[in-house]
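> Generate a structure from the sequence data that follows.
(one chain, ligands or ions: 2)
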Amino acid sequence: MERSYADELEPGDAVLVKGWVHEVRDLGGIAFVILRDTSGKVQVKLDDSVDDELVELGTSLSRESVIAVEGAVEEEERAPTGVEIVPSSIEVLNEAEPELPLDPSGKVDAELPTRLDNRTLDLRKEDVKAIFEIRGEVQDALREKFRSLDATEINTPKIVATATEGGTDLFPISYFEREAFMNQSPQLFKQMMVGSGLERVFEIGPIFRAEEHNTPRHLNEATSIDFESAFIDDDEAMHLCQEVTVAAYERVHEECQEELDALGVDLEVPETPFEYLTYDEAIELANAEGLEHELEWGDDLTTEAEQALGDAIGEHYFVTDWPADTKPFYVMKGDETARAYDMMHPRMELMSGGQREHRVDRLRDEIAAQGLEPEEFEYYLRAFRYGMPPHAGWGLGLERLLVTMLEIDNVREVVLFPRDRQRLAP
Ligand code: ATP
Ligand code: MG
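Numbers count the residues shown, from 1 in each chain. Ligands and ions are numbered 1, 2, ... in the order given. All right, here's what the predicted structure looks like:
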C-alpha cells in the first residue's frame, strides 16, 4: 500500500502511515498512540474494537520509535485533526531507547548545547524544524530572484593559497606539502568572473572566519550570499540588494505561514526604499543618541552605535561613503572616502559591498598599501589586465538575514551544525 501523510487523511480511507511515536496516552480502557510524520500528527486509537495484541504493542511503544500503521481513517471530532486511525496492524520499524537526551515534544526545554549535540531529535520540534524549512525556502527565493536578474550561479574554491583580505581571521590548513587557507570570502573569484563572459554572478556558499570571540552574530563557518555584476554602480548594487532582501521576505510571507505560526512570528515585509545615510550622517546621528563611547571620524561603527542607529531608524537602512581606511583594497576609493556601503537591520549589519576598483595600477597600489604582497595576488590582478569592466557587488550573510527576519537571538539557531570556538562536532 502507498504511504499516506498525517495531514491528508480523510474519513473512509484505508491507509498506511509511517512516522515516529510522539506520545502514548493510556487513559485506561482506551489509549492513543500519537504518530508524527513530516506533515503533522495523527492519533491512532486503541480501544476494545482493536485486537488485544495490538493494544498491548501500541501501549508499550517507547517514544520516538519509528512505526508503520495500517488502518481505517474515521471521523473524530475530539481529535486535534478531526480524524483518527483505527489500526489493523502496527509494525515497529526501529525502536528508540527509552531515555531521550531531549524532549522532542518541546514540553521540557533543553539548553542550546544539548540541542546542538542532539540536532536530529531537536529538529523533530515544530518550531526548530520551521527554521530550517524557512532557510530552504529563502535560498530557493534568492536563487529565483537572482535568476530573474540574469545572474549566473557560480561555485568558487573554498581552499585557497592566499587570504582574500589578509588579516588574522583565517584558518590555515595543511595542503599536501604547503600551507593553505579556508577562504574567508569568494570576493576575488566573483570579481574575476565579472570580467569573464558571465558578467553577472552570484554564489550562496560557506565562508570561514577565525573570529575568536563568541557573539550571537558571529560564526566560524557562515553562509554568504554573494553578488557581483559588471557595468553597474554602487547605487544600482544597493538597490538590487534591497530587492533581493525583499524577495526573500515576500516568499516567506507567502509560502511559510505555518512555519511562522510555529515560531510565533508576525512577519512584515520591510518597506522600501530603505533609508540611506552617509557615514558622516550615521556617526552624527549615533552620537546625538548619546553613546557611552562617542564615535570619531574614521571609527568603524561599534555595536553600541549600530544599536543606537537601529533604534532611531527602526527599519533596514544603508550606510554609504565610509572612511577609505576602514575598507579593503578592492573597494574603489576617493581621497578620503570609499565607495563602500553596508546594509543594516536595526539589530545588526547584514551586508557589505562596494563599487570595485577595476583599474589594475590602482588595485596593485592598494594591495601594497594594505601591507599585502601584490605578487601573491598575481592570479587576481591578471584578470584586470585584459578588459575588466567597471563593477560593483556585495556579500549578505544568510544567517543574519534569517535571525533578523525571524526575531531569533543567536545565529547558531539557524545553522544545523554551527561551528564556533567551542564547537567542532557534530
Ligand atoms: P562584522 O563587522 O559584523 O563582524 P564583517 O564586516 O566582518 O562583519 P563582511 O566581511 O562585511 O563582515 O561580510 C559580509 C557579511 O557576511 C556581513 O555583513 C555578515 O552578514 C556576514 N558575515 C561575515 N562574517 C560573519 C560571521 N563570522 N558570522 C556570520 N555572518 C558573517
Ligand atoms: Mg562588513
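> What ranges does the stretch 201-350 of the chain have for its strands?
221-230, 275-278, 317-323, 337-345, 348-355 (DSSP state E, counting those that start in this stretch).
> Include mean pLDDT and mean neighbour count when you put those strands into a markdown table, please.
(Glycine included, C-beta is placed from N, CA and C.) A markdown table is the format used below for these (pLDDT from 0 to 100; neighbours: other C-beta atoms under 10 Å):
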| stretch | mean pLDDT | mean neighbour count |
| --- | --- | --- |
| strand 221-230 | 98 | 23 |
| strand 275-278 | 98 | 16 |
| strand 317-323 | 98 | 22 |
| strand 337-345 | 98 | 23 |
| strand 348-355 | 98 | 22 |
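> possible to save these as a markdown table with distance to ligand 1?
Listed next are the strands of the stretch 201-350 of the chain as a markdown table, based on distance: least, C-beta to the nearest ligand atom, whole Å:
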| stretch | distance to ligand 1 |
| --- | --- |
| strand 221-230 | 4 |
| strand 275-278 | 16 |
| strand 317-323 | 11 |
| strand 337-345 | 7 |
| strand 348-355 | 3 |
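> between those, which one is nearest to Val414?
Comparing these by their distance to Val414 (C-beta to C-beta), the top pick is strand 221-230, with 9.4 Å.
> Work out the sheet partners of that closest one and label each with its direction, please.
If you go by DSSP bridges, strand 221-230 pairs up with strand 200-208 (antiparallel), strand 391-397 (antiparallel).
> related to what we said a few turns ago, what's the closest of the strands of the stretch 201-350 of the chain to Thr162?
Closest among the strands of the stretch 201-350 of the chain, using C-beta to C-beta: strand 221-230, at 18.1 Å.
> ok and the closest one relative to strand 348-355, angle-wise?
Inter-element angle recorded for strand 221-230 and strand 348-355: 30 degrees (by axes from the mean of the first three to the mean of the last three C-alpha atoms, to 10 degrees).
> Export only the CA atoms of strand 221-230, formatted as PDB.
C-alpha atoms of strand 221-230 as PDB (Å, rounded to 0.1, in the frame of the first residue of the first chain):
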ATOM      1  CA  GLU A 221      31.600  28.900   9.300                       C
ATOM      2  CA  ALA A 222      28.900  31.100   7.900                       C
ATOM      3  CA  THR A 223      26.900  31.200   4.600                       C
ATOM      4  CA  SER A 224      27.400  34.200   2.400                       C
ATOM      5  CA  ILE A 225      25.000  35.300  -0.300                       C
ATOM      6  CA  ASP A 226      27.400  36.900  -2.800                       C
ATOM      7  CA  PHE A 227      26.500  39.000  -5.800                       C
ATOM      8  CA  GLU A 228      28.700  40.800  -8.300                       C
ATOM      9  CA  SER A 229      27.900  42.500 -11.600                       C
ATOM     10  CA  ALA A 230      29.700  44.200 -14.500                       C
END
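> can you list the residues of this protein near ligand 1?
Contact residues (C-beta under 6 Å from any ligand atom) of the chain with ligand 1: 209, 211, 218-219, 222, 224, 349-352, 395, 397, 399-400, 411.
> Which one of the residues in the protein is closest to ligand 1?
Ligand 1 sits closest to Gly397 of the chain, with a gap of 2.2 Å, by C-beta to the nearest ligand atom.
> count of neighbours near that residue?
By other C-beta atoms under 10 Å, the residues close to Gly397 number 23.
> thinking it is in contact with Ile225, fair?
Yes: counting by C-beta atoms under 8 Å, Gly397 touches Ile225, with 7.5 Å between them.
> Any regions of the chain where pLDDT drops low?
Judged by pLDDT under 70, the chain has its weakly predicted residues at 166.
> can you map out the helices along it?
Under the criterion DSSP state H, helices of the chain are mapped to 52-59, 112-117, 119-122, 126-148, 187-194, 234-255, 257-263, 279-288, 303-313, 360-369, 378-383, 398-405.
> just the strands paired with strand 221-230: most buried one?
strand 391-397 (a mean of 24; mean count of other C-beta atoms under 10 Å).
> Run the chain-centre distance for it.
Distance, stretch centre to chain centre, for strand 391-397: 17 Å (C-alpha atoms, centre = their mean, to the nearest Å).
> Now do that strand against helix 234-255: the angle between them, please.
40 degrees.
> which other residues reach strand 391-397?
185-187, 190-191, 194-195, 207, 222-234, 236-238, 241, 244-245, 341, 343, 350-356, 358 (C-beta atoms under 8 Å, 6 or more residues apart in numbering).
> That one to helix 398-405, inter-axis angle?
Here the directions of strand 391-397 and helix 398-405 differ by 60 degrees (the same axes, to 10 degrees).
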